[in-house]
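Chemist: Curious how this folds, go ahead:
(one chain, ligands or ions: 1)
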Amino acid sequence: MNRNDWPPMLIDDAGWCNLAQRRPSPNFDARPASAAIDLLVIHNISLPPGQFGGPYIADLFDNCLDCDVHPYFDQLRTLRVSAHFLIRRDGSLLQFVSANDRAWHAGVSSFEGRERCNDFSIGIELEGSDFVAFDERQYRSLADLTAALQQRYHLRAVAGHEHIAVGRKTDPGPCFDWNAYCALVRQCEKTDGDPLALHFPFLEAKPT
Ligand SMILES: [Zn+2]
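Modeler: Numbering: from 1, shown residues only. Predicted structure coming up:
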């Protein structure tokens with residue numbers, strides 16, 4: 001899935017992506033009526049931690065994870081969480097919650113003085129960990145999805161979970177290349193001829 005694919009990635013009026021596999025999760029509710037959707041939050045997840053490719057992340061978000069399969073899963077029995085999107089290692093995209101609705105991905109969080117980031121953000125999980133480089137295909141899908149969401153919601157900024165839940169969360173972590181991601185998003189802007197004006201407040205400062 002990349003910007004050369006046809007049809008192009010789009011988010012429909014109901015908040016669903018045309019190129020994502022849909023796995024509707026029960027773990028969502030309505031956003032507050034006053035909430036603008038203007039923040040993108042990047043996460044990483046792998047289940048069991050550090051292992052890629054199994055069905056377990058989607059099963060967790062759909063409340064059908066068999067918690068007897070692995071010792072680590074025992075602590076997840078009562079967890080009710082979701083993200084709007086998951087990008088797997090091969091770049092394939094799954095969607096669990098309409099971006100119009102509130103997914104349960106951020107927890108206790110704050111961005112630029114605003115609490116409860118779930119109210120006004122869209123959450124994207126990358127299958128990965130804090131210790132392994134992400135796949136190039138994931139960056140391409142993420143950039144395409146970012147551009148599609150930007151077109152629909154006029155997002156203002158992108159942050160990592162670690163930036164909005166400081167000291168509590170570490171994802172997407174040091175292996176996530178913010179500069180590479182930003183560069184791909186800027187390419188999408190050029191291709192579309194539509195300045196996204198998306199802000200990356202946690203981009204590492206690069207020498208000019
Ligand atoms: Zn997270």
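Chemist: Secondary structure class of Val41, three-state.
Modeler: strand (DSSP: H, G, I helix; E, B strand; the rest coil).
Chemist: of all the residues in this structure, which ones are close to the ion?
Modeler: 43, 161, 171 (Cβ under 5 Å from the ion). Where C-beta positions appear, they are placed from N, C-alpha and C, glycine not excepted.
Chemist: any idea how far the residue nearest to Val69 when sequence neighbours are not counted is from Glu162?
Modeler: Distances taken as Cβ to Cβ, 6 or more residues apart in numbering place Tyr56 nearest to Val69, at 7.5 Å, with adjacent residues excluded. As judged by Cβ to Cβ, to the nearest Å, Tyr56 and Glu162 stand 22 Å apart.
Chemist: which of the residues of the chain next to the ion lies closest to Asp90?
Modeler: Distance to Asp90, by Cβ to Cβ, is smallest for His43 among the residues of the chain next to the ion, at 18.0 Å.
Chemist: count of residues packed around that closest one?
Modeler: 22 (other Cβ atoms under 10 Å).
Chemist: Now that we have the residues of the chain next to the ion, can you turn them into TSV and tack on distance to Arg22 and pLDDT?
Modeler: Converted to TSV, the residues of the chain next to the ion look like this (distance: Cβ to Cβ, whole Å; pLDDT from 0 to 100):
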residue	distance to Arg22	pLDDT
His43	19	98
His161	23	98
Asp171	24	97
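Chemist: Can you show me the CA trace of stretch 149-160 as CSV?
Modeler: What follows is stretch 149-160, C-alpha atoms only, in CSV (Å, rounded to 0.1, in the frame of the first residue of the first chain):
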residue,chain,number,x,y,z
LEU,A,149,-6.7,11.6,7.6
GLN,A,150,-5.4,15.1,7.1
GLN,A,151,-7.6,15.6,4.1
ARG,A,152,-10.6,14.5,6.1
TYR,A,153,-10.0,16.1,9.5
HIS,A,154,-7.5,18.9,9.0
LEU,A,155,-5.3,17.6,11.7
ARG,A,156,-2.9,20.0,13.3
ALA,A,157,-0.2,17.9,14.9
VAL,A,158,1.4,14.5,15.3
ALA,A,159,2.7,13.2,18.6
GLY,A,160,3.9,9.9,20.0
